[in-house]
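**Q** here's a sequence, model it:
(2 chains)
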Amino acid sequence: MPKIIKGNAIIDNDWQFVARDSDLPESGNLLVHFSQWLNAPSADGRALAPWIDSEDEFEAQAERLIKAPLIAVHFPTFMDGRGFSTARLLRERYGFTGELRAIGYVIQDQLFFLKRCGFDAYDLREGTDLENALRSLNDFTLTYQGATDSALPLFRQRG
Amino acid sequence: MYQYDHHDHRIVQERVSQFRDQTRRYLDGDITEQEFLPLRLQNGLYIQRLAPMLRIAVPYGMLSSRQLRKLAHIARTYDKGYAHFTTRQNIQFNWPNLEEVPDILAELAEVEMHAIQTSGNCIRNVTSDQFAGIAPDEIEDPRPWCEIIRQWSTFHPEFAYLPRKFKIAVSGSEQDRAAIQVHDIGLQLVRSDKGETGFKVLVGGGLGRTPVVGSVIREFLPWPHLLTYLEAILRVYNRYGRRDNKYKARIKILVKAWTPEVFAQKVEEEWQHHRDNPATLTTEEVTRTKRFFTEPAYRDISDTEAQQALSGQAEAELAFSKWLQRNVMPHRVPGYAAVTLSLKPTGVAPGDVTDKQLEAIAELADRYSFSEIRATHSQNLVLADVEKGQLYSLWREAKALGFATPNIGTLTDLICCPGGDFCSLANAKSIPIAEAIQRRFDDMDYLYDLGDLTLNISGCMNACGHHHVGNIGILGVDKKGEEFYQIQLGGSSDRDTALGTVLGPSFYQNEVPDVIEKIIDVYVQNRHDGEAFNDTFSRVGVDPFKERVYAKNH
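**A** Residues are numbered from 1 along each chain as shown, chains lettered A, B, ... in the order given. Prediction:
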């Protein structure tokens, strides 16, 4: 089974990504586009969770979305940074407390920033040495500005 | 100037380790070429036509003599013995080896320097006025605010993968020497009726392919809200800026598409959600930061006496008086002056300095200006706090070293990007054009008669040489593999920012000096007493210039 990073550990990826507007597989834990999930948040014999694409406007449905146990944010390419804002909004504005997973094309060197924006699970691009990647979660031990992980900027902590 | 504490040191050192690891993984093949690209760019590293180019941040242009000596050492050890000052107050090395870049960054960290976010689609080095803190027309010193923005934007986790690069400039003076109207965000320090400090906020200015003058989206932003408001602007841009076409990805395109009013409204809405969060600035933090930008130990000097002595020296030596006139600027403290060291002698690429020259400048700074140096966006250096009584001996030394070309603000003090000789983006060379123009206008008396006149050259439409805002702008274009030059007239980057008007069809390289000479002739023949180039241009229009330049030879 493919692996992901969750928290600080490497675990099996037991969620399967389902592209937009495609038929649901018969069984399993399935990530479906949030528009689909809002219409049908459950399906027989399958567990469903929503994913949000980088260009999606999701705020109007945020109150319902945050009831999901897991929300995945899809990065079409690692250069598309919209998912960082999506994550912060879900966590900070809408108070989502479940698993927030970065999926799509995400790379090791983004882990620290992803973590700071509220992600806690990372499905890194294929071929990544996950053992090695874990280190990048802690590329820095100190930050200037507040974010989801810690709201206090350094200037409120300087002694 | 700002000094690192153990926090700042730790962050920069962790960056060096991170980049060392990234470079190793790239060389091992664990990071693809495509993935390494933004990682190295956010460390200022380009892969250029001939070799990598490393751009080092000089936050808002401030340098110490110790840092200059380190840069000299790097130029000598890792490069071919020279460095280049850019049009954004930064410094570039043109020949480092990729494998050695982590070592260079480690050396820089020793002197509180780095290359963080000097390129890439992120918030870039914040720029300001080279006369910050000393200008007589200053409302408030912009540097503490620049430093606060620098820290906030450094490794901002949400804004490291923006649609495109993002540049912020801050001006503290009436006269805008930071070109805030052509930045993604321009901040003008202002005082309210009650004497409270705040910012006028402009967005969506920029040069490049689609030059635009920024729009004011907030007349007065009280200072505590600076960072939360910036965060709102950046979030709106990050989410809604175009990502489908890199030429339409700058914030100016979004602001234009939505209109500034709608953009402002979006920002306000976003801001209301988080405006009083802990990023709200505190008096303690502002006071702490301002402590780094206090006055140096100025002596009590009688300005009248100092001025009298200077007048005597100027009368006795014409060359000195010319230098005083062009290269020495007023200072708000009696008995002091700011001196611009020209990096534009004819025959040297504008902004280029050798390792020995860097060391010589460090020496001058130590002896004449409290060990500080400032880089200017017109690619010169400034010694900001020189006693008037020492100007003469400084001039003698600077002259012997080649930094006293008395051409500041004149036609030959031109701004020029590295162009096709170095840059892989360029369509055409720019350095030889600069040199040809400098050679053509080598008569100093004539230059003085022309007075303040800006000439800016870019080797391509990315506009690193700011050609749109030169009184005379020259743009290198490529036509079927051949290099041509388009001329624009009437641009300006000061308080009345204006974008130049294209004169007409472009020219061959060897025609450019003649064309510039004809343009200058038309100006001289049409100007009223003491009228500046742009004033004549707006009065008579582009036609007389066109007629002369494109006239058939008889």
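**Q** what secondary structure does B:Thr77 sit in?
**A** helix (DSSP: H, G, I helix; E, B strand; the rest coil).
**Q** please determine how far it is located from B:Glu372.
**A** The gap separating B:Thr77 from B:Glu372 is 24 Å, by CB to CB, to the nearest Å. Placement of C-beta: from N, CA and C, glycine included.
**Q** so which of these two has more stuff around it?
**A** B:Glu372 (19 against 14; other CB atoms under 10 Å in any protein chain shown).
**Q** surely the more buried one meets B:Val382?
**A** No: in this structure, B:Glu372 is not within contact of B:Val382 by CB atoms under 8 Å, at 9.2 Å.
**Q** now the residue nearest in space to the middle of chain A, which residues is it bridged with?
**A** Of all residues in chain A, the one closest to the mean position by CA atoms, centre = their mean is A:Arg101, 2.3 Å from it. Beta bridges link A:Arg101 to A:Ala72, A:Ala121 when assigned by DSSP bridges.
**Q** residues from chain A in reach of chain B?
**A** A:78-82, A:84-85, A:88, A:92-93, A:107, A:109-110, A:112-114, A:116-117, A:129, A:132, A:135, A:139-147, A:151-156, A:158 (CB under 8 Å from any CB of the partner chain).
**Q** which of those fall in helices?
**A** A:Arg82, A:Phe84, A:Ser85, A:Arg88, A:Phe112, A:Phe113, A:Leu114, A:Arg116, A:Asn132 (DSSP state H).
**Q** going by proximity to chain B, name the top residue of chain A.
**A** Chain B sits closest to A:Gly81 of chain A, with a gap of 2.8 Å, by CB to the nearest CB.
**Q** any idea how far that residue is from B:Glu483?
**A** Distance of A:Gly81 to B:Glu483, given as CB to CB: 36 Å.
**Q** repeat for B:Ile431
**A** B:Ile431 sits 12 Å away from B:Glu483 when distances are taken as CB to CB.
**Q** neighbours of A:Ala133, how many?
**A** By other CB under 10 Å, 18 other residues sit near A:Ala133.
**Q** and the residue lying closest to it once chain neighbours are set aside, how far is that from B:Arg15?
**A** Closest residue in space to A:Ala133, ignoring its immediate chain neighbours: A:Gln108 at 4.1 Å, by CB to CB, 6 or more residues apart in numbering or on different chains. Per CB to CB, A:Gln108 is found 16 Å from B:Arg15.
**Q** which of the residues of chain A next to chain B count as buried?
**A** A:78-82, A:84-85, A:88, A:92, A:107, A:109-110, A:112-114, A:116-117, A:139-140, A:143-147, A:153-155 (16 or more other CB atoms under 10 Å in any protein chain shown).
**Q** put the alpha carbons of stretch B:216-231 into PDB.
**A** Provided in PDB are the C-alpha atoms of stretch B:216-231 (Å, rounded to 0.1, in the frame of the first residue of the first chain):
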ATOM      1  CA  VAL B 216      -4.400  53.900  -3.900                       C
ATOM      2  CA  ILE B 217      -6.600  51.400  -2.100                       C
ATOM      3  CA  ARG B 218      -6.400  53.000   1.300                       C
ATOM      4  CA  GLU B 219      -5.600  56.600   2.100                       C
ATOM      5  CA  PHE B 220      -4.700  56.000   5.800                       C
ATOM      6  CA  LEU B 221      -3.800  52.700   7.400                       C
ATOM      7  CA  PRO B 222      -2.900  53.200  11.100                       C
ATOM      8  CA  TRP B 223       0.500  51.600  11.800                       C
ATOM      9  CA  PRO B 224      -0.600  48.800  14.100                       C
ATOM     10  CA  HIS B 225      -2.500  47.200  11.200                       C
ATOM     11  CA  LEU B 226       0.400  47.200   8.700                       C
ATOM     12  CA  LEU B 227       1.000  43.500   8.700                       C
ATOM     13  CA  THR B 228      -2.500  42.300   9.000                       C
ATOM     14  CA  TYR B 229      -3.500  44.500   6.100                       C
ATOM     15  CA  LEU B 230      -0.600  43.300   4.000                       C
ATOM     16  CA  GLU B 231      -1.600  39.800   4.800                       C
END
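**Q** let me know the average pLDDT across it.
**A** The pLDDT scores in stretch B:216-231 average 98.
**Q** quick one: buried residues of it?
**A** Here stretch B:216-231 shows B:Ile217, B:Arg218, B:Leu221, B:Trp223, B:Pro224, B:His225, B:Leu226, B:Leu227, B:Thr228, B:Tyr229, B:Leu230, B:Glu231 as buried, counting by 16+ other CB under 10 Å.
**Q** ok, now stretch B:86-106?
**A** Buried residues in stretch B:86-106 (16+ other CB under 10 Å): B:86-96, B:98, B:100-105.
**Q** next one, pLDDT for the nearest residue to A:Leu114 once chain neighbours are set aside please.
**A** Once flanking residues are discounted, A:Leu114 sits nearest to A:Ala102: 5.2 Å by CB to CB, 6+ apart. Note for A:Ala102: predicted pLDDT of 98.
**Q** okay, now A:Ala102: neighbour count?
**A** When neighbours are defined as other CB under 10 Å, A:Ala102 has 28 of them.
**Q** swap in B:Glu284?
**A** B:Glu284: 11 neighbours (other CB under 10 Å).
**Q** before we move on, the earlier item: compare A:Gln108 and B:Arg15 (neighbour count), which wins?
**A** Neighbours per residue (other CB under 10 Å) separate A:Gln108 from B:Arg15, with A:Gln108 holding more: 27 against 21.
**Q** list the contacts of B:Ile361.
**A** B:Ser65, B:Leu68, B:Leu341, B:Val353, B:Ile373, B:Leu381, B:Leu401, B:Phe403 (CB atoms under 8 Å, 6 or more residues apart in numbering or on different chains).
**Q** can you rerun that using 10 Å?
**A** Each residue near B:Ile361 by CB atoms under 10 Å, 6 or more residues apart in numbering or on different chains is listed here: B:63, B:65, B:68-69, B:71-72, B:341, B:343, B:353, B:373, B:381, B:383, B:398, B:401, B:403.
**Q** mind showing which ranges of the chain have poor pLDDT?
**A** Answering for chain A, as no chain was given. Within chain A, the stretches with pLDDT under 70 are A:159.
**Q** wrong one, chain B
**A** B:48-50, B:553-554.
**Q** phi and psi next, for B:Tyr46.
**A** With angles defined as degrees, to the nearest 10, B:Tyr46 sits at phi -100, psi 150.
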